[in-house]
Structure formats: structure tokens, C-alpha cells
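Asks: Next comes the sequence, and after it the predicted model I'd like to discuss.
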Amino acid sequence: MKKITIRDHARFQADKMAKVALGQTDRALLDLYCVAPGQAQKPHTHGDQDKIYVVLEGRGRISVGGSEDTLGPGEAVIAPAGIEHGLVNDGPAQLLVLVVVTPPPPHA
């Protein structure tokens, strides 16, 4: 077992959202998205991967399939394979989002 202290891996970049790889198996990928105010993940799709967003800190707008909602700490949303999804931090605070992708993309 490998214990992961998530907050220890948070890092923010001035130019773009930071994606921090926390762990991976053959069937799942665990990332931490560190999104500073004004940063975003542009809407995109994954043909074969489901993605789960879990907000840990801050608030952000997450879109899935053309529907959009603001999520805060303790809230989550699932983006099924083939459905467009993305997020934006349009608030004043940093946004930390735990992301699970299954199965991992081929480039992971």
C-alpha cells in the first residue's frame, strides 16, 4: 500500500492549470488538478475513458455534456466516456480537484 497525502502534492503554476500524477494502476489513474483563479481546462472528450472530478478545495464550474454547475468541497461529478467535459476556476480562491480516469489513457 502506498499512502498519498494529497495536499503535499498541490502545486500551482502561473501560466496554466497543473496536473499532478498521484498514482496509477492498469485500470485507473489518479490525478490532482491545481487550478489557480482564471485558469481552465478547455472542454474535451475521451473516447474510452470515464472521468470523475471531486472538488477538495475552492469552487469551480465543471461542464459535462453541455450542462454546467458550480461545485465546492465534497462535491463530485462524473463525465462518461465520449461526453465533452471541462472546468474553469472563475472564483477568487485556488481550486484543488481530485480526478480519477478509468481506464488510464494510453499516454499515461
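Replies: Thanks, I have the structure now. None of the values given here were measured: they were computed from a predicted structure.
Asks: The residue nearest the centre of the chain: what's its closest spatial neighbour, skipping adjacent residues?
Replies: Nearest to the geometric centre of the chain sits residue 99, at 4.2 Å (CA atoms, centre = their mean). Distances taken as CB to CB, 6 or more residues apart in numbering put residue 31 closest to residue 99, at 4.4 Å, once the chain neighbours are dropped. C-beta: built from backbone N, CA, C; applies to glycine.
Asks: go on, residue 40?
Replies: The shortest distance from residue 40 to any non-neighbouring residue, by CB to CB, 6+ apart, is to residue 88 (3.9 Å).
Asks: Isn't that neighbour up against residue 42?
Replies: No - here residue 88 lies out of contact with residue 42, judged by CB atoms under 8 Å, at a distance of 9.0 Å.
Asks: Those two: who's more crowded?
Replies: Counted by other CB atoms under 10 Å, residue 88 and residue 42 do not tie: residue 88 has more neighbours, with 20 against 9.
Asks: returning to what we had before: let me see the contact set for the residue nearest to residue 99.
Replies: 19, 20, 21, 22, 98, 99, 100, 101 (CB atoms under 8 Å, 6 or more residues apart in numbering).
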